[in-house]
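Novice: pasting the sequence and the predicted coordinates here, then a few questions.
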Amino acid sequence: MILIATSGYYYNDWQGVFYPPELPPNQRLKYYADRFPFAEINATYYRQPTAKMFARMLAQTPDSFRFVVKAYKGLTHERQDSAEFLTFLTGLRPLVETDRLICILAQFPYSFHNTKENRDYIECLRDRLAGLPVAVEFRNQNWAQTGTFELLSRHGLAYVAVDAPRLKNLIPPLAHATSDFAYVRFHGRNTKKWYQHQQSFERYDYTYKKKELAAWVPKLKALERATNVVYTTFNNHYQGQAIAAARDLALLLGQRSNRQDSINGVVTEQNQCFSKQLDLPLFNDGA
């Protein structure tokens, strides 16, 4: 099963593009959940989630709708206070108790290099997150090594495949299954604005061509064969471009609708994972 959604949903510039012009902002999640099977919550990167926040989201969505929650920046970017993990997990409690959490998305910054210290941090990540499903996204290309996929597989962590600008030292678009689910994020390919931008949204101002998405279809199907489910999200959110890309990918995959009500309980068994053997070195510290 390949499920398609977007990175975030609460964008003012989607009003009149995806959301009806007259739709009140507090109805956006309900409207979104009628059209997509899950949502990636990015607000939790900027501030710690609360149980009240997720209880409210649960009340606005059907039982079949689920959530991916981005890890708070203190867990992935600052990495200084271990107490942050307890605060984060406490906020997730309503999702966990109702089995509406897909996974925690741990997105590490470009500055997070492939070193022994950082590999040790990855190694204990799932334990620190109470054994919950975790998907790990790297930005620096020095993680594009065979040992990375072996490390994630060994600890049941999902590797996040990314589609991003083809810039020097950015992680390339590699697709690997290292857990019983796979995760793919489309950030857009705005090379000009990736580093040089005044507003953060400029980085994600990109319209995917159908041929660019079509190139991912065999990769997504390979991931689907290797796992129970593939979660795919679009982060090129400016002016609703993510919505158009999600619809185009669904059509390329032969899906008549993004909405799939069979999502709950889909990850029930540990399938054998695969990791294509690449002609890449094992870990080289600081590579």
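Specialist: Perfect, I can see it now.

Novice: all contacts plus neighbour counts: C-alpha atoms, from now on.
Specialist: Noted.

Novice: please state the offset of the helix or strand containing Gly91 from the chain centre?
Specialist: Assigned by DSSP states H and E, Gly91 belongs to helix 83-97. The chain centre lies 18 Å from the centre of helix 83-97; the measure is CA atoms, centre = their mean, to the nearest Å.

Novice: what's it packed up against?
Specialist: Applying 3 or more CA pairs under 8 Å, 6 or more residues apart in numbering; DSSP states H and E, one finds that helix 83-97 contacts helix 51-59.

Novice: which other residues reach the helix it packs on?
Specialist: By CA atoms under 8 Å, 6 or more residues apart in numbering, the residues outside helix 51-59 that reach it are 29, 90-95.

Novice: repeat the analysis, applying 6 Å as the threshold.
Specialist: 91, 94 (CA atoms under 6 Å, 6 or more residues apart in numbering).

Novice: with stretch 39-48 instead?
Specialist: 7-8, 67-73, 88.

Novice: let's see which of those residues end up in strands.
Specialist: Applying DSSP state E to those, the entries found in strands are 67-70.

Novice: of the residues you listed, buried ones?
Specialist: 67-70 (16 or more other CA atoms under 10 Å).

Novice: could you measure from Thr233 over to Phe112?
Specialist: Distance, Thr233 to Phe112, by CA to CA, to the nearest Å: 23 Å.

Novice: who's more crowded, these two?
Specialist: Thr233 (25 against 17; other CA atoms under 10 Å).

Novice: can you give me the strands in the protein?
Specialist: Under DSSP E, the chain gives strands at 2-6, 38-41, 66-70, 101-107, 134-137, 158-163, 181-186, 229-234.

Novice: now render the buried ones among the ones in strands among the contacts of stretch 39-48 as a markdown table, adding distance to Leu174 and pLDDT.
Specialist: Formatted as a markdown table, these follow (distance: CA to CA, whole Å; pLDDT from 0 to 100):
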| residue | distance to Leu174 | pLDDT |
| --- | --- | --- |
| Phe67 | 24 | 98 |
| Val68 | 21 | 98 |
| Val69 | 22 | 98 |
| Lys70 | 21 | 97 |
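
Novice: distance to Glu84 added to these, as TSV?
Specialist: Putting these into TSV (distance: CA to CA, whole Å) gives the following:
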residue	distance to Glu84
Phe67	20
Val68	18
Val69	15
Lys70	14
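
Novice: having no further points to raise, I will conclude here.
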